[in-house]
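Asks: Build the 3D model from these lines:
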Amino acid sequence: MKELTSDQRRAVVDHLLLRVVEAPYKLHHGAIKEVAQIFGRNRHTIAEIWKRANVSISAEGQTSIVCHDVASQKKGIVGRKQKYTDLPARIRAVPPQRRTTLQRIAHAIGIPASTLKDYYKRGLMVKYNSNIKPKLTDVNKVARVNWAMKFVRPDSNFQFADMFDYVHVDEKWFHATKIKSRVYLLPGEVPPHRSTQSKHFITKVMFLSAVARPRWDDAKSEWFDGKIGTWHFTQVVPAARSSRNRPAGTLELRPVSVTRPIYKKMLLENVIPAIKAKWPQD
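Replies: Sure thing, here's the model as predicted:
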C-alpha cells in the first residue's frame with residue numbers, strides 16, 4: 001500500500017479537526033476509526049498523524065488553532081534498494097522480436113515474470129503496438145501526393161475540398177454466419193438451431209457499402225447521416241440435386257463471383273438509385 005502524500009496527511013488532520021468536541025476540545029469517540037475508513041488506512045496510522053500534528057486549540061476571546069506540519073519527511077528516492085539494477089542493459093540485449101510478452105522477456109533475462117511486471121508498472125518499459133505498414137516505393141509516394149494534391153483548391157486559398165460531392169464505395173468479405181453466437185431468450189423459448197457442415201469452411205459473402213459526408217439537408221429539414229446503403233453479392237438459385245439436407249429445386253442463397261459485369265450491375269441497379277433517392281437536395 002502506498003504511503004499517504006503530504007496533501008493527504010493534511011486532509012487527515014482537517015477531517016479530524018471537524019470531529020473535535022467543543023467543550024474539552026478533544027476528538028469524539030470513534031473519530032480516528034471514521035477517518036481511517038475514509039482514507040483506507042488503519043487506526044494506528046491516523047493516530048500517529050494526529051499525534052504528530054500536536055493540535056493546540058485556544059478559546060480565549062476567539063478560537064485559534066495551532067497545528068504542526070504533518071508533511072512527509074521522506075524526500076527524494078526512499079524505500080529499499082532495487083534488487084536488479086542492470087535490467088535496462090539486460091533487456092536491451094534481447095532482440096525486439098523476442099520482446100512480445102513480459103513472460104518471454106522474463107525468461108530471456110532470467111528473472112520471474114511477476115518481478116518484471118512490477119518493474120514495468122514503475123515505468124521501466126513502455127508498451128508499443130507495432131502495425132505492419134505498406135512498403136512504398138518512390139513512385140508510390142509520388143502517386144499518393146499527386147492524388148492528394150487534386151483535392152487542393154487554389155481558388156479557395158489552397159484549402160482542401162469539402163468532399164460534399166463524393167461517395168465512397170468499399171467492399172469487404174464477411175462470413176455467412178458466426179461460429180459462436182449469443183442470444184437472450186425468455187423462459188420457455190426454444191433456442192434457435194444453427195448448423196453447418198464444417199466450421200472451417202463457412203461460406204463467405206462479399207458486401208459493398210456506399211457512404212458520403214454527413215451534412216444538413218435543408219429540403220427535408222433533417223440531418224443526412226451519409227449512409228447510402230449496403231448490399232451483398234448473392235443470388236437465389238434452385239438446388240440442382242437432392243441431398244439429405246434438402247430436395248432438388250429448393251431455393252438457396254449463394255454467393256456470386258464478383259466480376260466486372262457483376263460489379264457494374266450492382267452500381268447501376270443498387271448504388272446509383274440509392275444515391276439519387278437519399279442525396280440531399282441543395
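Asks: Only C-alpha atoms from now on, for both contacts and neighbour counts.
Replies: Noted.
Asks: neighbours of His15, just the number please.
Replies: His15 is flanked by 16 other residues according to other CA atoms under 10 Å.
Asks: Just the mean pLDDT for the host helix or strand of it, thanks.
Replies: Using DSSP states H and E, His15 sits within helix 6-17. The pLDDT scores in helix 6-17 average 89.
Asks: Same check on stretch 120-129?
Replies: 88.
Asks: Where does the prediction get shaky in this structure?
Replies: Scanning the chain for pLDDT under 70 picks out the ranges 1, 23, 58-64, 77-79.
Asks: that older thread, go ahead and name everything in contact with the helix holding His15.
Replies: Helix 6-17 is contacted by residues 27, 31-32, 35, 39, 46, 49-50, 53, 70-72 when judged by CA atoms under 8 Å, 6 or more residues apart in numbering.
Asks: Centre-most residue in the chain?
Replies: Geometric centre of the chain, nearest residue: Asn129, 13.3 Å, by CA atoms, centre = their mean.
Asks: Now do the phi/psi pair for that one.
Replies: With angles defined as degrees, to the nearest 10, Asn129 sits at phi -90, psi 120.
Asks: now Lys204
Replies: For Lys204, the backbone dihedrals are phi -110, psi 140 (criterion: degrees, to the nearest 10).
Asks: The residue nearest to it when sequence neighbours are not counted and Met206, how far apart?
Replies: Nearest residue to Lys204, sequence neighbours excluded (CA to CA, 6 or more residues apart in numbering): His175, at 4.3 Å. Per CA to CA, to the nearest Å, His175 is found 9 Å from Met206.
Asks: hmm, back to that, burial of the residue nearest to Lys204, as a residue count?
Replies: 12.
Asks: List the contacts of the residue nearest to the centre of the chain.
Replies: Counting by CA under 8 Å, 6+ apart, Asn129 touches no other residue.
Asks: coming back round to it: chain center to the helix or strand just after the helix holding His15, what's the gap?
Replies: Heading C-terminal from helix 6-17, the first helix or strand you meet, by DSSP H and E, is strand 20-21. Its chain's C-alpha centre and that of strand 20-21 lie 49 Å apart, by CA atoms, centre = their mean, to the nearest Å.
Asks: Ok, stretch 190-203 next?
Replies: Distance of stretch 190-203 from its chain centroid, counting by CA atoms, centre = their mean, is 31 Å.
Asks: Check what contacts it and list those residues.
Replies: 175-177, 179, 185, 255.
Asks: for Arg260, phi and psi?
Replies: Torsion angles, degrees, to the nearest 10, at Arg260: phi -60, psi -50.
Asks: Now do it: how many residues are near it, please.
Replies: Other residues near Arg260 come to 9 when the count uses other CA under 10 Å.
Asks: can you tell me how far it sits from Asn42?
Replies: Applying CA to CA to Arg260 and Asn42 gives a distance of 75 Å.
Asks: thinking again about what came up before, mind exporting the C-alpha coordinates of the helix holding His15 to PDB?
Replies: Extracted in PDB, the C-alpha atoms of helix 6-17 (Å, rounded to 0.1, in the frame of the first residue of the first chain):
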ATOM      1  CA  SER A   6       1.700  15.400   2.200                       C
ATOM      2  CA  ASP A   7      -1.600  16.700   0.900                       C
ATOM      3  CA  GLN A   8      -3.400  13.500   2.100                       C
ATOM      4  CA  ARG A   9      -1.800  13.900   5.500                       C
ATOM      5  CA  ARG A  10      -3.100  17.500   5.800                       C
ATOM      6  CA  ALA A  11      -6.500  16.300   4.700                       C
ATOM      7  CA  VAL A  12      -6.400  13.700   7.500                       C
ATOM      8  CA  VAL A  13      -5.800  16.500  10.000                       C
ATOM      9  CA  ASP A  14      -8.700  18.500   8.500                       C
ATOM     10  CA  HIS A  15     -11.100  15.600   8.800                       C
ATOM     11  CA  LEU A  16     -10.000  15.100  12.400                       C
ATOM     12  CA  LEU A  17     -10.400  18.800  13.300                       C
END
